[in-house]
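Colleague: the following comprises the amino acid sequence and a computationally predicted model.
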Amino acid sequence: MRSTTGVLVAALALLAGCAAAGSSGGDGTTSSSRGLCEARMQHDGMDYVGFLGLVRDPDVTGEEVDVALQWCDDTGRGTTPPDTPASAAVLTDLPADLALVVDSTLYVRVGRELPRWTDRWFTEPTCRRPGTFDLVGDWTGVDGGVLPEGGYEPPYRAFVHVTDGPQPFLGARIKVRVTAATEVAMSGPEVAAALQRGDAAVVVARCVNGYVRALSFRPRSPQP
């Protein structure tokens, strides 16, 4: 299986100062690999390790269970914060004693492996739709050169967690290519401000060589 260290790093694991990844063996199963400082949690006396790079939202049952997030210390000072109570979502197709989801981080029980079919959760959809289409989603970051005055200007890639749009993009975390030809409704410094506010991304896009290219790109303030 592919590495599950994706472009988008889950905010929870960033706050924990942790690194976690997934890899596969020749038998088609997935197991976690050790990082310098892993995102970990406990549930019902069982230990779990966090997988980064979750690209598609897995189906959940709506049931939640209590967990304890274990913050790690990668500073070398030997000061590990106490565990933090949280709620984890139960997956539709996997039992809670194998895997759970907290926000955008998938946690897998230590010593257990994911089945091969979960590869799709870590695989960004290929853009093959004809014509143009609309996407709306959580705008989580930008990959591009920073301007001297702050912010960004095209070309850059916008990271979007799609909450409204056609399949196969709905529920996926994708990269949207914003080029010099894109109609962008904000100046360079305004891009950083929109990200800081947590604005949504509203995109008119088309597929180019398997990627999502924005024809227009604008932020939308989050609902109060």
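Modeller: Noted; the coordinates are in hand. Numbering: from 1, shown residues only.

Colleague: got a pLDDT number for D103?
Modeller: At D103, the model reports a pLDDT of 86.

Colleague: quick one, strands of the chain?
Modeller: Using DSSP state E, the strands of the chain run over 21-24, 30-33, 40-43, 46-51, 60-70, 84-91, 99-102, 105-109, 132-143, 156-164, 173-178, 183-184, 200-208, 211-220.

Colleague: ok, and what's touching the shortest one?
Modeller: Right, strand 183-184. If you take CB atoms under 8 Å, 6 or more residues apart in numbering as the criterion, strand 183-184 is touched by 154, 178, 215-218. Quick note: C-beta positions are derived from backbone N, CA and C, even for glycine.

Colleague: least confident of the strands of the chain, on average?
Modeller: Across the strands of the chain, strand 30-33 gives the lowest mean pLDDT, at a mean of 37.

Colleague: hang on, the earlier thing: which one of the strands of the chain lies nearest to A194?
Modeller: Closest to A194 of those is strand 211-220 (CB to CB; 4.0 Å).

Colleague: ok, L170 to E149 distance?
Modeller: Applying CB to CB, to the nearest Å, the value for L170 to E149 is 36 Å.

Colleague: no no, S104
Modeller: Where E149 is concerned, S104 sits at a distance of 31 Å (CB to CB).

Colleague: more neighbours: these two, which one.
Modeller: More neighbours surround S104 than the other of S104 and E149, with 20 against 9 (other CB atoms under 10 Å).

Colleague: the more buried one against G53, yeah?
Modeller: No: no contact is recorded between S104 and G53 when judged using CB atoms under 8 Å, the distance being 9.9 Å.

Colleague: which residues sit against the longest helix belonging to the chain?
Modeller: If you go by DSSP state H, the chain has its longest helix at helix 188-197. Identification of contacts with helix 188-197 by CB under 8 Å, 6+ apart yields 139, 141-142, 147, 149-153, 186, 219, 221-222.

Colleague: got the end-to-end distance for stretch 39-55?
Modeller: 18 Å (CA to CA, to the nearest Å).

Colleague: returning to what we had before: which of the contacts of helix 188-197 are buried?
Modeller: 139, 142, 151-153, 186, 219 (16 or more other CB atoms under 10 Å).

Colleague: which one of those is nearest D199?
Modeller: Minimum distance to D199 across those is 3.7 Å, recorded for P219 (CB to CB).

Colleague: give the buried subset of the contacts of strand 183-184 as a PyMOL selection command.
Modeller: Buried residues within the contacts of strand 183-184, by 16+ other CB under 10 Å, are selected in PyMOL with:
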select buried, resi 154+178+217+218
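
Colleague: would you turn the contacts of strand 183-184 into JSON lines with distance to R120?
Modeller: Below are the contacts of strand 183-184 laid out as JSON lines (distance: CB to CB, whole Å):
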{"residue": "P154", "distance to R120": "31"}
{"residue": "V178", "distance to R120": "26"}
{"residue": "L215", "distance to R120": "28"}
{"residue": "S216", "distance to R120": "29"}
{"residue": "F217", "distance to R120": "27"}
{"residue": "R218", "distance to R120": "30"}
